[in-house]
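Undergrad: mind looking at a prediction? Sequence and model below.
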Amino acid sequence: MHKMFNFFLPTKIIFGCGSLNFLPQEIHSLLETKSLKKNPKCLLVTGKCSMKKAGVIERIISSLSSSLSIEITIFNHVESEVTIYNVEEGVSLAQKIHPDIIISVGGGSVIDCGKAISGLVHQKGSITEYLEGKKELTSQAIPSIAIPTTAGTGAEVTPNAVLINKEKETKTSLRSKYLYPRVAVVDPELTITLPPDITAYSGMDALTQSIEAYVSLGANVITDAIAMKSVELIMKNLTTVYHDGKNLSSREAMSYGALLSGIALSNARLGLVHAIAHPLGAIYSIPHGLLCGLLLPYVMEYNKKLATVAQKYSEIAKILLPNEEKKNIESYNTNDVANFVIDKIKTLLKELNFPEKLRLLGVKKDDFQKIVYGALSSGSIKFNPCKADKKDIEEVLNNAW
């Protein structure tokens, strides 16, 4: 019998090539439920330039202007790793213009920023108080729509926003059911212009999320099925889109895999990779997906000593092995099968030109204590299948260094 579990996903998902065309009618449906003035207002949250260069922002504005009588204000000050200051600036703007809807178009940081603005705009107190758990969000003041342009974080279907405090060098997750976007519009065509490095980083972030959710203490039969499908899609398509970004079928598979990773993690939670990656990213400003990919095999090595984890790695092996070998997997040593999966991850990272060690990214051992402290205070570490203390985290860091 399976243990009792909960599964929650309040976000409506519109997936597929060309799905951006459905944005106007989704906005209309959301606004219909509100008692609005004649000319509703929209806050469009995006990055500094990439989506503008790709013509996506102009396309959205043109589409909304022609089909809806809506006033659009653009907030494009979101950094590659969203900071508390970015959110404060966005909240201040939202309080001035009083938008009826927030649309976030971009990568995970942009979507996290939009979600945080939607949740915090009418709340009292500082953002830090909510990050530190001193206060809790009580409602989603403004409905939000998330439009991802990377295949990575799955932020379009998660209840959290990861924010950096540059002064304290911390990276913390603001988490609440009120942060779920009302609608996620996932159009793989928007990822076509992603450069190879961002494709690789975002893809490895999604893969890490799915593997961590799969072995998480919060996993259940539904999240297992979702995470496993995500792993399969990403492992089979990431190198293709890395070398051939215009391969639309593989881009679609990656967008689907990333979406599934977000659904899995939002219910099962994450683990030690993310617990370590967050303080590392806050201190060194290294791309999150790059850190996740580099750390993943080292954390998998640490977790495989638990029999239940090694068994789950065996299940992953079944989707990676040739068909003629799958039937023989039960006769293999579980540890050998786990090593096979870890080696497959390492091979993938080499094909994506990831560095093998943290020192190659400029990480200094002098900062290990600060990183360990940050990891121990992370919510993700509570769901890692193998309990990790200060000594264990130091061991993983030393192996990865």
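TA: Nice, I can see it. Keep in mind it's a predicted model, so treat the numbers as computed, not measured.
Undergrad: can you map out the helices along the stretch 51-200 of the chain?
TA: With helices called from DSSP state H, counting those that start in this stretch, the stretch 51-200 of the chain shows them at 56-67, 84-97, 108-120, 127-131, 196-215.
Undergrad: export those to JSON lines and tack on mean pLDDT?
TA: What follows is the helices of the stretch 51-200 of the chain, written out as JSON lines (pLDDT from 0 to 100):
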{"stretch": "helix 56-67", "mean pLDDT": "82"}
{"stretch": "helix 84-97", "mean pLDDT": "94"}
{"stretch": "helix 108-120", "mean pLDDT": "94"}
{"stretch": "helix 127-131", "mean pLDDT": "86"}
{"stretch": "helix 196-215", "mean pLDDT": "97"}
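Undergrad: and those as CSV, adding distance to F5 and mean neighbour count?
TA: Any C-beta I mention is one placed from the backbone N, CA and C, and that applies to glycine too. What follows is the helices of the stretch 51-200 of the chain, written out as CSV (distance: least, C-beta to C-beta, whole Å; neighbours: other C-beta atoms under 10 Å):
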stretch, distance to F5, mean neighbour count
helix 56-67, 38, 15
helix 84-97, 32, 18
helix 108-120, 25, 30
helix 127-131, 27, 18
helix 196-215, 13, 27
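Undergrad: give me the contacts around stretch 61-79.
TA: For stretch 61-79, contacts defined as C-beta atoms under 8 Å, 6 or more residues apart in numbering pick out 20-21, 23-24, 27-28, 38-49, 52, 57, 86, 89-90, 93, 97, 99, 106, 109-110, 113, 117.
Undergrad: sorry, slip of the keys, the one I care about is stretch 240-258.
TA: With C-beta under 8 Å, 6+ apart as the test, stretch 240-258 has contacts from 15-17, 148, 150-154, 186-189, 191-196, 199-200, 202-203, 206-207, 210, 229-234, 236-238, 351-352.
Undergrad: list only those of the residues you listed flagged as buried.
TA: 17, 148, 150-154, 186-189, 191, 193-194, 199-200, 202-203, 206-207, 210, 229-234, 237-238, 352 (16 or more other C-beta atoms under 10 Å).
Undergrad: so what's the backbone phi/psi at K312?
TA: Dihedral angles phi and psi of K312 (degrees, to the nearest 10) take the values phi -70, psi -40.
Undergrad: ok, now which ones touch the closest residue to it other than its chain neighbours?
TA: Distance criterion C-beta to C-beta, 6 or more residues apart in numbering; nearest residue to K312, sequence neighbours excluded, is V215 at 5.2 Å. With contact set as C-beta under 8 Å, 6+ apart, V215 has these partners: G271, N303, T308, V309, K312, Y313, P385.
Undergrad: give me that answer again for 10 Å
TA: The neighbourhood of V215, defined by C-beta atoms under 10 Å, 6 or more residues apart in numbering, consists of 224, 227, 268, 271, 299-300, 303-304, 306, 308-313, 316, 383-386.
Undergrad: buried among those? Need that as a selection in PyMOL.
TA: The following PyMOL line selects those of the contacts of V215 that are buried, judged by 16+ other C-beta under 10 Å:
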select buried, resi 224+227+268+271+299+300+303+304+309+310+312+313+316+383+384+385+386
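Undergrad: now, the contacts of V215 that are in strands?
TA: With strands taken from DSSP state E, there is no overlap with the contacts of V215.
Undergrad: so which residues of the stretch 201-350 of the chain form helices?
TA: When secondary structure is read from DSSP H, counting those that start in this stretch, the stretch 201-350 of the chain shows helices at 221-243, 248-268, 272-284, 288-303, 307-320, 323-326, 334-351.
Undergrad: does I142 touch I102 like I think?
TA: Yes: between I142 and I102 there is a contact at 5.3 Å, judged by C-beta atoms under 10 Å.
Undergrad: thanks a lot, see you next time.
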